[in-house]
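Requesting a structural model of the entry that follows:
(2 chains, ligands or ions: 2)
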Amino acid sequence: MLIIKDLEVKAEDKVIIKNFNLEINTGEIHVLMGRNGTGKSTICKAILKHPDYQIVKGSISFLGKDLKDLDTTMISRLGIFLLSQNPVEVQGITNAEVLRNALSEKNNERVDIFKFNKRLNEVCEMINLPKSFVHRDVNFNMSGGEKKKNELLHLFMLEPKLIILDEINSGLDVDAIKTVGLALRKYYEIYKPAILIVTHHADILEYFDDYKVHVMDKGEITLSGDKSLAQTILTTGFGASAVAEDLENE
Amino acid sequence: MNKLVVVEDIKLNDDHTLIEFKDNVKVDIKDVVKLIDYMEESKDITFNLNNDSKLFLERLWILNKSANLVINMHKNSDLELRLVVINEGVNTINLRVNMLEDLGKAKIYVRIINKNKDSNINFICDGNIEAKTIDNNLLEDLKGLILDNDTIKISPNMQVATNEVMANHLVTVGSFNLEELFYLESKGLSRNRAKELLVDSFLKNILGEHLKKYINGGDYI
Ligand SMILES: Nc1ncnc2c1ncn2[C@@H]1O[C@H](COP(=O)(O)OP(=O)(O)OP(=O)(O)O)[C@@H](O)[C@H]1O
Ligand SMILES: [Mg+2]
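Ligands and ions are numbered 1, 2, ... in the order given. Reported below is the predicted structural model:
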């Protein structure tokens, strides 16, 4: 579904991602881990062609389409959704406006307001977000945790095929992690999307039975493994030797 | 802010909010006055705020030639000006706020766009606080949004002849915020629609319900 080959990404003439290879199939969950500043958020944003990043080498394809010639709008409409580490605040534009416009432009038809509102209410209930958020300005004056939930509202409304979660768990309290984890699990069971999870913690992973794990260092994936690798890292840290030893012992 | 005073030389509409000014008019404010005004022509106007009076002026101004707006503030007067300017052509607005006595309070909010890329506006905002006055308070929040390589110049000038004053200004002129554009596009909005919504929010930000309905960001993208 998503194939990233030999990717090199630059920002301000500095190479941030290099030799990056990753393949994610429908229904697969992949977890990306790594020290602060290794390029996890960069790869997430580069997939959607964030203007700060230039892809200087390699390729990204999604559903068999090369993303080279597509812009952010078209990539989103193909079904890729990014839940950012720091969701952008847009003052003066409400969630409902963004979602209504996104859906009507994508489907090339007027949104059925009755169904739209009903779905918004359902989602708010599911993720325990006050319904008043629907008419609030996008992420504006929201707390860190509220922003993450607010972005989830967008996710469930837009029904993506590939979900990129960049530290969804940072900022969420224990109860919110549970609500969000269960909601994502439910979405996974119904839609069977591919999911890429960037995380420094195990909490959100508990809601998924199986996943692959990749460790990034200095812009490259240096180690990949099954879910036990996440456990190893979370107990012993990223020290390369520690991880390697553990693998040898297996 | 609930008493509306009808002033001579101003024509009120049926709902007593939208008004029409004559050119070169001098308006004397003596009480609490709230004026909400949609102006399609450029006219020179001077407001005199007498002692203890208050003017709330909210205007959507479709500017087609240069114009002057002068506000003279006397003792303990209070001004709140909310001005959205949509400029067509090469024009200058000269806004002059004269704080002539003590205890004046002025809050000025301005949002400017050009109607097309050949338009060019110079907005000069002169705040003039007289010597020997005390406890005047002047806030300016002036923003221009460049849509398409057009030119917006905002020059805030404060002439403050006393230390007994609180004066603040915030001035920004810039193009679309790239993070906001990326965010909206990453949700599947087209670039044009994203810009329309951003223009809409930029202009409506300082307006109340009466004037918001006249604004459609799509007209300028
Ligand atoms: N727009 C940019 N311009 C210049 N440098 C950038 C830009 N974005 C990211 N970087 C740099 O690239 C590196 C990777 O940043 P990135 O945000 O991808 O790290 P990360 O792995 O997500 O870290 P964290 O775990 O702290 O979120 C950092 O050194 C960062 O300073
Ligand atoms: Mg990050």
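
Okay, helices next: where are they in the chain?
Assuming you mean chain A. Using DSSP state H, the helices found in chain A span residues A:40-47, A:72-78, A:95-107, A:113-126, A:144-158, A:174-191, A:227-236, A:240-249.

was after chain B, sorry
Secondary structure of chain B (DSSP H): helices located at B:178-186, B:191-204, B:209-212.

hmm, the shortest one in reach of chain A?
No. Contact of helix B:209-212 with chain A (CB under 8 Å from any CB of the partner chain) is absent, the minimum separation being 10.9 Å. C-beta here means a position set from N, CA and C on the backbone, and glycine is covered the same way.

bridging residues for the residue lying closest to residue B:63 once chain neighbours are set aside?
Residue nearest to residue B:63 in three dimensions, not counting chain neighbours: residue B:87, with 4.5 Å by CB to CB, 6 or more residues apart in numbering or on different chains. The partner list for residue B:87 in beta bridges (DSSP bridges) reads residue B:63, residue B:114.

what separates residue B:87 from chain A, distance-wise?
Distance, residue B:87 to chain A, by CB to the nearest CB, to the nearest Å: 21 Å.

show me what contacts that residue?
Going by CB atoms under 8 Å, 6 or more residues apart in numbering or on different chains, residue B:87 touches B:63, B:112-115, B:119-121.

And it, what's its pLDDT?
The predicted local confidence for residue B:87 comes out at a pLDDT of 97.

circling back: quick one: which of the contacts of residue B:87 is nearest to residue B:183?
Nearest to residue B:183 among these, counting by CB to CB, is residue B:113 at 21.0 Å.

Chain neighbours aside, what residue packs nearest to that closest one?
Among residues not flanking residue B:113 along the chain, residue B:145 sits closest, at 5.2 Å (CB to CB, 6+ apart).

In contact with that neighbour, which residues?
Residues touching residue B:145, when contacts are defined by CB under 8 Å, 6+ apart, comprise B:111-113, B:152, B:173-176, B:199, B:202.

Show the contacting residues for the residue nearest the centre of chain A.
Using CA atoms, centre = their mean, the residue of chain A that lies closest to the mean C-alpha position is residue A:164, 1.7 Å off. When contacts are counted by CB under 8 Å, 6+ apart, residue A:164 touches A:44, A:47, A:80-83, A:195-196, A:198.

Who is it paired with across the strands?
Partner residues in beta bridges with residue A:164, using DSSP bridges, are residue A:82, residue A:196.

so how far is ligand 2 from it?
Computed with CB to the ion, to the nearest Å, the distance linking residue A:164 and ligand 2 is 11 Å.

Could you do residue A:55 as well?
Using CB to the ion, one gets 18 Å for the distance from residue A:55 to ligand 2.

again, but for residue B:135
From residue B:135 over to ligand 2 the distance is 49 Å, taken as CB to the ion.

tell me the contacts of that residue?
Contacts of residue B:135 were listed using CB under 8 Å, 6+ apart, and they are B:102-103, B:164-165.

Give me the pLDDT for it.
Reading off the per-residue confidence, residue B:135 sits at a pLDDT of 94.

Can you pull the phi and psi angles for it?
With angles defined as degrees, to the nearest 10, residue B:135 sits at phi 60, psi 40.

just the buried members of the contacts of residue B:145?
For these, a burial check counting by 16 or more other CB atoms under 10 Å in any protein chain shown picks out B:111-113, B:152, B:176, B:199, B:202.

quick one: contacts for whichever residue of chain A sits closest to ligand 2?
Scanning chain A for the residue nearest ligand 2 gives residue A:41, at 3.2 Å (criterion: CB to the ion). Contacts of residue A:41 were listed using CB under 8 Å, 6+ apart, and they are A:84-85, A:166, A:198.

out of everything not next to it in sequence, what's closest to the residue nearest the centre of chain B?
Central residue check for chain B by CA atoms, centre = their mean: the C-alpha nearest the mean position is that of residue B:83, 2.1 Å away. Leaving aside its sequence neighbours, residue B:83 sits nearest to residue B:110 (CB to CB, 6+ apart; 4.7 Å).

Share the number of residues neighbouring whichever residue of chain B sits closest to ligand 2, please.
Residue of chain B nearest ligand 2, by CB to the ion: residue B:179 (15.1 Å). Using other CB atoms under 10 Å in any protein chain shown, residue B:179 is surrounded by 16 other residues.

tally of neighbours for the residue nearest to it when sequence neighbours are not counted?
Of all residues not flanking residue B:179 in the chain, residue A:88 sits nearest, at 5.1 Å (CB to CB, 6+ apart). In terms of burial, residue A:88 registers 18 neighbours under the definition other CB under 10 Å.
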